[in-house]
Every structure is written in structure tokens, then in C-alpha cells.
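Enquirer: Here is a sequence with its predicted model. Questions after.
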Amino acid sequence: MNTLLKLAATAALSVIALSSYAQPSNPYELPDPLKMEDGRIVKNKRQWINERRPELMEMLRSQMFGREPAADAAPDIHYTLLEESKDAFGGLATRRQVKISFDKDENYYLVLLMYIPNKHNGPVPAFLGPNFKGNHATTDDPEVLMPTKEKLATFAPGYKVEPRDANGHRWEYEYILSHGYAVATFCYNDVDPDFHDGFHNGIHGLIDGDKPRNGESWGSISAWAWSLSRCLDYLETVKEIDAKKVAVIGHSRLGKTSLWAGATDQRFALVISNDSGCSGAAIARRKFGETVAAINKSFPHWFCDNYKAYGGREEMMPWDQHELIAMIAPRPVYVASASEDSWADPVGEYFSLVGAASVYNLFGYDGITDRNVPGIEHPVVVGRMGHHIRKGEHNVRLYDWENYVAFADRFLK
Ligand code: GCU
């Protein structure tokens, strides 16, 4: 047994004993990411890439997120420029709003809002992430298009459109742009409205039609992750953006999504999970805050049906969430938490980095291995792993972006 992976609750708690999130969990033992199903131990990166990684991907697909369709499952995908201006934010950026249609008749589409810094020498790196409340709610920029009535009618019953800028604090566009990054976002409801309708709406309906579902059929998180890849396909066509330097980012359920997008699509150069919690970065076996049973009960459409069998039986899971982080290796990964966000288990989020470090080591990179959880607002970067716990609530704030930009500066500039 790899002693690094023997996680007893007491280990982490000395440093943060007074924090609200630092409650002990039961002792538990994590699966060793380097141990193959047949018992062999992975010795080098070639074995990881060719044997162990595919084995783990298969597990995560069949047991957790479901099997996403092929990249070309929507063969009529096409792009339409809806609006463009070089004068966004007083001339800081070019704004472009592009409709990415998944079918010929444009019944299924997302609208990608993009800002590209006007000052640049050659193609720029970018952040790409979905948003919760609509593009118009990410900024006070009055030119950002509102969702159409037809689009809103596909969202959850009773859905009320959010005011402009409702979530503007989560998208520090001017900060990001002034540091030389483009940024692109779309509303996740555009792709797959976030309610359980039996998988008829959104791109499940388009791609699967009446095909019967089974335990491994893809859920909504998989659908949102798949659409992030389709946005990256589009970014590959944008000459001002360096598509080999795109960081995928998401908050909360969309942080679970960014991790899965980073795992399934190795074109993403860097992956950021903000407060992703249960079924994102947090170790399931800790059963602290939200549990597998709780998440599947409240959100039965997020994962594949097979995942439901692990509710209350986390120790039977043949994997744990550190192995989702390991799927991102050797690319840089950042896991962030917030001190008051005990539902997302900040300690468990930290320990998934520790649990994945041995895989980064295979590639010659150090990882985070300190078993004392860092204090609040003491960001840590080791090798290609980054981490911080922001003071405050479940959210995305300027503090988070400052750390993401600094982390990206090391790898994408
Ligand atoms: C709920 C849910 C979490 C999720 C969060 C969010 O709290 O239980 O798993 O991360 O919503 O997406 O904001």
C-alpha cells in the first residue's frame, strides 16, 4: 500500500483545526491511482498513458459521467457571427458573439461570448468556461445579447431570466483581458437545460433521439463538458487565439464539468476547478458535506445511472476523485476552495491533489504532497499543481481570478 495514500482524518487537521470546514471524516483508504486492475503497479509514463489511463477513463465513463458521444456526433455543427465590436470595455477588447449551432436548422445552439484583448503580439491564451445565468448576466456590457424568448422557453419550467450583470462579480473580464488573456463563455442551459426531463431536451435529445438509455448513458455534466470541447473546436478557428493554450474553468457543478472536460479532452492546456466539491475534486470516501447519495437524489440527471449504486457505499467505488485529477496529468491543474464552503469539502478537494501527485511524478513533475492543508488565502503552487482556499462563501471572486491568472502565467505565456 502506498503510504502516501493512507489518509486518516487527523492528519490534515492540525493547521486548520478552527476552520468551519475542518471537520474530521472517518478514516479511509484511497485506491492507488498507479495500481492497475490486474494488480500491477504502473512504473512509467508510457504505461500510464497506454494502459492505466484508458482503464481509469473507462471506469469514470461507465460508472460516473456516462459515455459522451464522438466529437462529430452532431455533424451539422456550424458557426454564425451574431455581433462584433472592437470597442468593448473602452477599447480594451474585441467582443464577438457567435452562435454555435449543433443542427442544420439551428434548433439547438449555444451563444459563445468572447472577449479578445486588442493589445497583443500574436495569438493569445484564453480562459473558456460555461456560466450559470446567461452571457448577459456575466457583465454590465450592454451589448451582450440577451437569450431569446424561444431559448428561454427550453429552460426549466418557471425559469426567470436574470438581470444583466447578476453574476458579473464571477467574471472579472477587465482583469483577465488586461493580463493578456482572451475569455469565452456560454450559458450551460443553452446546451442542456439543468433540470431532469428524462434527457429529451438539449443536445441529449438531438444526438440520442429515441435511442433507449442504459446505466452508462451520458448525463448533463457530460453534455456540458462535450460542448466545452465543441467550443474549443471553434476557438481553433479564431486566429487571435492560441487554441493550444486554452484553460478550461468552471465553478461548482461547472467545476465538476471543467474537470471532466479536461479529462476527456487533452487539448485543454490547463484545468481549473473552483469549489467543485462532491463528484468534482472532493474525495468521495470522506463523506463530508455533500455525499454521492445526496447529489444523485437532488440532481438525478447529472451523472450516469450506474453512479447511483455508490450512494452510501463510497468505499466500494473502484476509484475516487483524486483519479479524476490524475486524468489531467501532466497538464497543469488548479483546485480552489472557499473557507465557508463546507458543503464542497475544501479538505477533500485538497486531498485529491495530494492523491494525484504520484501520477504527475511519473511525468517528472512535482505535485502537492504536504498533508497539512494550507491555511486560508495561502495559495500553493508545486510543480504543475495549484491550490488555494479563499476566505468566504461558495462563489468566484477577484481573489480566485488573481490566482488563476498567476498560475496560467507560469504555463501559458
Ligand atoms: C448544489 C450541489 C453542488 C453544486 C452546487 C452548484 O449545492 O449540491 O454539488 O456544486 O449546487 O453548482 O452551485
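Expert: Alright, I've got the coordinates.
Enquirer: contacts and neighbour counts: CA atoms only from here.
Expert: Will do.
Enquirer: OK, contacts around the residue lying closest to residue 311 once chain neighbours are set aside?
Expert: Spatial nearest neighbour of residue 311, chain neighbours left out: residue 293 (3.9 Å); criterion: C-alpha to C-alpha, 6 or more residues apart in numbering. By C-alpha atoms under 8 Å, 6 or more residues apart in numbering, the contact list for residue 293 reads 308, 310-312.
Enquirer: Which ones, among those residues, also lie beside the ligand?
Expert: With C-alpha under 6 Å from any ligand atom as the criterion, the contacts of residue 293 include none near the ligand.
Enquirer: Weed out the non-buried ones from the residues you listed.
Expert: 308, 310-311 (16 or more other C-alpha atoms under 10 Å).
Enquirer: ok, back up a step: wait, a helix at the residue nearest to residue 311?
Expert: Yes: using DSSP: H, G, I helix; E, B strand; the rest coil, the secondary structure at residue 293 is a helix.
Enquirer: Show the model's pLDDT score for it.
Expert: On pLDDT, residue 293 comes in at 98.
Enquirer: From the contact counts, what lies against the helix or strand hosting residue 245?
Expert: Following DSSP states H and E, the helix or strand that holds residue 245 is strand 241-251. Counting by 3 or more C-alpha pairs under 8 Å, 6 or more residues apart in numbering; DSSP states H and E, the packing neighbours recorded for strand 241-251 are strand 124-131, helix 220-235, helix 253-264, strand 270-274.
Enquirer: So which of the buried ones among the contacts of residue 293 sit within helices?
Expert: With DSSP state H as the criterion, helices contain none of the buried ones among the contacts of residue 293.
Enquirer: and those residues as a markdown table, adding pLDDT and distance to residue 381?
Expert: Output for these, formatted as a markdown table (pLDDT from 0 to 100; distance: C-alpha to C-alpha, whole Å):
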| residue | pLDDT | distance to residue 381 |
| --- | --- | --- |
| 308 | 98 | 35 |
| 310 | 98 | 33 |
| 311 | 98 | 33 |
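Enquirer: returning to what we had before: nearest to residue 287, out of the helices and strands packed on strand 241-251?
Expert: helix 253-264 (16.8 Å; C-alpha to C-alpha).
Enquirer: Quick one: mean pLDDT over the closest one.
Expert: Rounded mean pLDDT across helix 253-264 is 99.
Enquirer: Next, the angle from that helix to strand 241-251.
Expert: Computed with axes from the mean of the first three to the mean of the last three C-alpha atoms, to 10 degrees, the direction of helix 253-264 lies at 130 degrees from that of strand 241-251.
Enquirer: residues near the residue nearest to residue 246 when sequence neighbours are not counted, how many?
Expert: Counting by C-alpha to C-alpha, 6+ apart, residue 126 is the residue found nearest to residue 246 once chain neighbours are left out, at 4.8 Å. If you count neighbours by other C-alpha atoms under 10 Å, residue 126 ends up with 28.
Enquirer: now swap in residue 151 and tell me
Expert: 15.
Enquirer: before we move on, which element is it in?
Expert: helix 149-152.
Enquirer: Skip ahead from that helix and say which helix or strand is next.
Expert: Going down the chain from helix 149-152, the next helix or strand is helix 173-178, by DSSP H and E.
Enquirer: So which residues on the chain come close to the ligand?
Expert: 252-253, 276-278, 295.
Enquirer: Recalculate using a threshold of 8 Å.
Expert: Proximity of the chain to the ligand, by C-alpha under 8 Å from any ligand atom, involves residues 251-256, 275-279, 290, 294-295, 298-299, 343-344, 394.
Enquirer: ok, of those, which come out buried?
Expert: If you count burial by 16+ other C-alpha under 10 Å, the buried members of the residues of the chain next to the ligand come out as 251-256, 275-279, 290, 295, 344, 394.
Enquirer: As a check, name the ranges of all strands in this structure.
Expert: Remark: strands assigned in the chain by DSSP state E are 6-7, 28-29, 78-88, 93-101, 109-117, 124-131, 182-187, 241-251, 270-274, 333-338, 380-382, 385-390.
Enquirer: okay if I get those strands as JSON lines plus distance to residue 171?
Expert: Converted to JSON lines, those look like this (distance: least, C-alpha to C-alpha, whole Å):
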{"stretch": "strand 6-7", "distance to residue 171": "35"}
{"stretch": "strand 28-29", "distance to residue 171": "37"}
{"stretch": "strand 78-88", "distance to residue 171": "15"}
{"stretch": "strand 93-101", "distance to residue 171": "15"}
{"stretch": "strand 109-117", "distance to residue 171": "12"}
{"stretch": "strand 124-131", "distance to residue 171": "9"}
{"stretch": "strand 182-187", "distance to residue 171": "9"}
{"stretch": "strand 241-251", "distance to residue 171": "11"}
{"stretch": "strand 270-274", "distance to residue 171": "13"}
{"stretch": "strand 333-338", "distance to residue 171": "16"}
{"stretch": "strand 380-382", "distance to residue 171": "23"}
{"stretch": "strand 385-390", "distance to residue 171": "16"}
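Enquirer: Compare those strands and give me the one nearest residue 202.
Expert: Of the strands of the chain, nearest to residue 202 by C-alpha to C-alpha is strand 109-117, at 8.8 Å.
Enquirer: strands paired with the closest one, and their directions?
Expert: strand 93-101 (antiparallel), strand 182-187 (antiparallel) (DSSP bridges).
Enquirer: Generate JSON lines for those, with distance to residue 79 as supplementary columns.
Expert: What follows is the strands paired with strand 109-117, written out as JSON lines (distance: least, C-alpha to C-alpha, whole Å):
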{"stretch": "strand 93-101", "distance to residue 79": "5"}
{"stretch": "strand 182-187", "distance to residue 79": "14"}
